[in-house]
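**Student:** what would the 3D arrangement of this be:
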Amino acid sequence: MNPVVPLIMAVALFMEQMDSTVISTALPAIADDLGVGPITLKLALTTYMVALAIFIPVSGWAADRFGAKRVFRLAIIVFLIGSVFCAVSGNLLEFVASRFLQGMGGAMMTPVGRLVILRTTERKELVRAMALLTIPALIGPMAGPPLGGFLTTYFSWHWIFLINVPIGLIGLVMSAIFLPEIDDEPPSKLDWKGFFLLATAASGIVFGMSVISLPALPPATGFIATLFGILAAFLYVRHAVAVEKPLLNLAIFSDTSFRVATAAATFFRMATGAFPFLMPLMLQLGFGMSPFESGMITFVGAAGALATKFVAPRIFALLGFKNVLLTASAVVAMLTITLAFFEANTPHLIMLGILFFLGLGRSFFFTGVNALAYADIDKSQASQATAMSAMFQQASFALGVAFAAVILEFANHFTDGELTVAHFHIAFLVVAIVGLASVLPLLSLKADAGSEVSGHRQ
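**Tutor:** Sure thing, here's the model as predicted:
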């Protein structure tokens, strides 16, 4: 395996993952500049996620039709143009439209980046490659808030978008030099009806969950949008069964490894998606920390994620996917429960230690579950698998944030007052149970599942 290839993908994915959270701490400053309220500007956060949801389903078809390398490089260009437009936006409409353009680019970068890895990496090297790709997915959301706060405080909010330009240009040059030309799969006619139904389903669910958790609009709007999304998903299932070549073929779930990995990852990502929402709020509202201080506390999880890269291939080869994933899920759930005992006087060293091992456990889980999902996937199905995985990923993260917000609101309703540390303690306990549910599908795995990829032998 050429290590430069997953590194290029990792840099691009880091840029996309970080950008989805980097503006959270800069919202008041951006809102003040654009002359709107911070709550209204949360539409920009929602717009970005909706664009991801709409265009991820078609990413696999585009890669097959026009070539994965070409689509990946075009996605970076679209993302960079959107970033520049965000920086020069003068009103809310321009800013929201620019975020949508960014989301279009990001929607292609994530699944097509994985597709490039699958088509250029031997199965025995897949764990090593996924370890590299897992790092940006974990570091990005943690790096976003402190970086956004730093740039906004000491420079201006415009730089949280302009910083993407040099990173993206490096990615373009590196991909032109090092990414191999990948043989295109035989192109098929685009399933327009399937695209419409999937786009409606994914965007309705993601938009609805985002509105519920970030109420820029009345919560009823979020519930209605979510119901429309679920209805569209049901209609797509009927459509996919009836046509010969649907946009995303549900037959891919007949692959046991892919089905189990997707189900386990959905529960785990719900819990992981709730964490970046709950932890900074508890540190800031409950413990009185500044956004920058709380960001530096939570960022230690990135160090745990980085540490995984060096040991993951050996651990999976020694113990196998099933044992490592079950252990990682249980450990992360137990460590999440400990967060329910954090108080303002808890020593920072203890906080940092627990968050470090949380990052380590999450990285092990995502490295393993991502590799397992593609362990038995034929290269002709790779574009379908990466698009399907990316779509479930966005929906489960959005569901996690919305779920955490509903827990806080529910707990606050019965205490009839402002949010307290106790509310966050309840939320972390519930989130830990949701994350632990990822164990259930994993129990059905055979002991030697994915052994060709992990290198594990009984």
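
**Student:** okay, CA-based contacts and neighbour counts for the rest of this
**Tutor:** Fine.

**Student:** how about low-confidence regions in the stretch 251-400 of the chain?
**Tutor:** Counting by pLDDT under 70, the stretch 251-400 of the chain has low-confidence residues at 291.

**Student:** what's near enough to touch residue 74?
**Tutor:** With contact taken as Cα atoms under 8 Å, 6 or more residues apart in numbering, residue 74 is in contact with residue 105.

**Student:** nope, residue 247 is what I meant
**Tutor:** With contact set as Cα under 8 Å, 6+ apart, residue 247 has these partners: 57-58, 61, 190-191, 194-195, 240.

**Student:** secondary structure class for it?
**Tutor:** Secondary structure, DSSP: H, G, I helix; E, B strand; the rest coil: residue 247 is coil.

**Student:** and it, backbone torsions?
**Tutor:** Main-chain torsions, residue 247, degrees, to the nearest 10: phi -60, psi -50.

**Student:** go on, residue 449?
**Tutor:** Residue torsions, per degrees, to the nearest 10, at residue 449 are phi -60, psi 130.

**Student:** how many neighbouring residues does it have?
**Tutor:** Applying other Cα atoms under 10 Å, we find 18 other residues in the vicinity of residue 449.

**Student:** what do you get for residue 238?
**Tutor:** 11.

**Student:** for the remainder of this discussion, apply numbering that starts at 19.
**Tutor:** Taking 19 as the first residue, the last one we looked at is residue 256.

**Student:** buried sites along whichever strand or helix holds it?
**Tutor:** Of the helices and strands defined by DSSP states H and E, residue 256 is found in helix 237-260. Across helix 237-260, burial judged by 16 or more other Cα atoms under 10 Å covers 237, 239-241, 243-244, 246-251, 254-255, 258.

**Student:** helices of the stretch 269-418 of the chain, start to end?
**Tutor:** Along the stretch 269-418 of the chain, the stretches classed as helices by DSSP state H, counting those that start in this stretch are 274-299, 309-316, 318-356, 366-391, 400-433.

**Student:** pretty sure residue 224 contacts residue 412?
**Tutor:** Yes - the pair residue 224 and residue 412 qualifies as a contact (Cα atoms under 8 Å) at a distance of 7.4 Å.

**Student:** and residue 149, how far from residue 199?
**Tutor:** 23 Å (Cα to Cα, to the nearest Å).

**Student:** more neighbours, those two?
**Tutor:** Counted by other Cα under 10 Å, residue 149 and residue 199 do not tie: residue 149 has more neighbours, with 28 against 13.

**Student:** contacting residues for that one?
**Tutor:** Under the contact definition (Cα under 8 Å, 6+ apart), the residues listed for residue 149 are 326-327, 330, 381, 385.

**Student:** let me know the closest of these to residue 134.
**Tutor:** Looking at the contacts of residue 149 and their distance to residue 134, the nearest is residue 385, at 16.7 Å (Cα to Cα).

**Student:** hang on, isn't that closest one packed against residue 148?
**Tutor:** Yes - with contact defined as Cα under 8 Å, residue 385 counts as touching residue 148 (5.4 Å).

**Student:** of the two, who's got more company?
**Tutor:** Under the criterion of other Cα under 10 Å, the comparison of residue 385 against residue 148 puts residue 385 first, with 29 against 26.

**Student:** what about the more buried one, distance to residue 178?
**Tutor:** The span separating residue 385 from residue 178 equals 28 Å under the rule Cα to Cα.

**Student:** likewise for residue 447?
**Tutor:** As judged by Cα to Cα, residue 447 and residue 178 stand 34 Å apart.

**Student:** these two - which one has more neighbours?
**Tutor:** More neighbours surround residue 178 than the other of residue 447 and residue 178, with 24 against 18 (other Cα under 10 Å).

**Student:** okay, the more buried one: pLDDT?
**Tutor:** You'll see residue 178 listed with a pLDDT of 85.

**Student:** excluding its backbone neighbours, what's nearest it?
**Tutor:** Of all residues beyond its chain neighbours, the one nearest residue 178 is residue 166 (6.0 Å), with distances taken as Cα to Cα, 6 or more residues apart in numbering.

**Student:** what does residue 337 give?
**Tutor:** residue 474 (6.5 Å).

**Student:** on that earlier part again, would you turn the helices of the stretch 269-418 of the chain into a markdown table with distance to residue 59?
**Tutor:** As requested, the helices of the stretch 269-418 of the chain are exported to a markdown table (distance: least, Cα to Cα, whole Å):
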| stretch | distance to residue 59 |
| --- | --- |
| helix 274-299 | 17 |
| helix 309-316 | 18 |
| helix 318-356 | 28 |
| helix 366-391 | 30 |
| helix 400-433 | 18 |
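
**Student:** of the ones you listed, which is nearest residue 173?
**Tutor:** Proximity to residue 173, assessed across the helices of the stretch 269-418 of the chain by Cα to Cα, is greatest for helix 309-316 (14.3 Å).

**Student:** check which helices and strands the closest one is in contact with.
**Tutor:** With contacts defined as 3 or more Cα pairs under 8 Å, 6 or more residues apart in numbering; DSSP states H and E, helix 309-316 has these neighbours: helix 144-172, helix 274-299, helix 366-391.

**Student:** quick one, domains of this structure?
**Tutor:** Domain assignment for the chain, taken from automatic domain parsing, gives 19-206, 209-264, 270-476.

**Student:** what's the closest non-adjacent residue to residue 81?
**Tutor:** Once flanking residues are discounted, residue 81 sits nearest to residue 89: 5.9 Å by Cα to Cα, 6+ apart.

**Student:** show the pLDDT at the one you found.
**Tutor:** The per-residue pLDDT reported for residue 89 equals 89.
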